[in-house]
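> just coords:
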């Protein structure tokens with residue numbers, strides 16, 4: 001046999017009256033179509049009189065492509081789409097921090113280099129470095145200056161033991177053949193340029 005639990009509450013007649021009144025008021029508000037109409041008339045009346053003005057929209061009302069997030073990935077996707085067919089469609093990037101002052105892309109200490117052993121990685125890095133150097137020509141913000149992405153070009157130094165020297169020279173040949181600006185140094189040259197005693 002199933003068991004049922006019944007719970008009873010003691011409610012005063014005063015509380016019952018409050019509950020009844022609340023239900024009646026709520027029912028009146030729901031059933032009264034003029035209440036909603038009066039609210040709308042009041043709002044639109046102020047709009048017609050010029051008391052209530054909407055600012056002109058800064059963001060376009062339509063776009064074929066919308067990219068959410070304008071960090072390095074979002075901006076890259078938007079740029080690549082638009083670059084492929086500049087006049088064919090609209091691309092809009094929605095970014096809550098258009099100056100990129102708090103964005104992880106500009107606050108990170110990430111680096112970019114061309115010292116790879118795969119041709120695809122070298123070409124991609126060279127393209128990315130060139131894009132970042134000239135980012136203000138490629139990216140723009142509606143009614144504002146282009147973002148300052150804080151790109152600081154610095155060099156990389158890769159060291160190799162005698163066992164890794166052959167591979168490093170092979171990589172260097174591939175990199176320079178593709179146009180990367182990389183150099184090799186002998187150990188003595190590095191010692192003259194950089195003090196490595198503390199390492």
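Right, received. Where do you want to start? Since the model is a prediction, treat every value here as computed from it, not as a measurement.
> please make it C-alpha for all contacts and neighbour counts, starting now.
Will do.
> all the helices of the chain, in order from the start?
In the chain, the helices defined using DSSP state H lie at 13-31, 33-49, 72-84, 104-107, 119-133, 135-138, 162-177, 187-193.
> got TSV for those helices, with mean pLDDT too?
TSV is the format used below for those (pLDDT from 0 to 100):
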stretch	mean pLDDT
helix 13-31	71
helix 33-49	66
helix 72-84	87
helix 104-107	80
helix 119-133	92
helix 135-138	82
helix 162-177	95
helix 187-193	84
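> okay if I get the ones you listed as CSV plus distance to residue 144 and mean neighbour count?
Output for those, formatted as CSV (distance: least, C-alpha to C-alpha, whole Å; neighbours: other C-alpha atoms under 10 Å):
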stretch, distance to residue 144, mean neighbour count
helix 13-31, 47, 11
helix 33-49, 30, 12
helix 72-84, 16, 15
helix 104-107, 18, 14
helix 119-133, 19, 15
helix 135-138, 12, 14
helix 162-177, 38, 14
helix 187-193, 43, 10
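> Throw those helices into TSV and include distance to residue 113, thanks.
Output for the helices of the chain, formatted as TSV (distance: least, C-alpha to C-alpha, whole Å):
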stretch	distance to residue 113
helix 13-31	65
helix 33-49	57
helix 72-84	16
helix 104-107	16
helix 119-133	6
helix 135-138	17
helix 162-177	11
helix 187-193	19
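> per-residue pLDDT, residue 62?
Listed pLDDT for residue 62 reads 83.
> what is the neighbour count of it?
By the criterion of other C-alpha atoms under 10 Å, residue 62 has 10 neighbours.
> give me the phi and psi for it.
Main-chain dihedrals, residue 62, degrees, to the nearest 10: phi -150, psi 140.
> roughly how far does it sit from residue 122?
38 Å (C-alpha to C-alpha, to the nearest Å).
> centre-most residue in the protein?
Taking C-alpha atoms, centre = their mean, the centroid of the chain lies closest to residue 69, which sits 2.5 Å from it.
> how about the contacts made by that one?
75, 93-96 (C-alpha atoms under 8 Å, 6 or more residues apart in numbering).
> out of those residues, who's nearest residue 153?
Set against residue 153, the nearest of these by C-alpha to C-alpha is residue 75 (19.6 Å).
> and that closest one, what does it touch?
With contact set as C-alpha under 8 Å, 6+ apart, residue 75 has these partners: 69, 93, 139.
> alright, that wraps it up for me.
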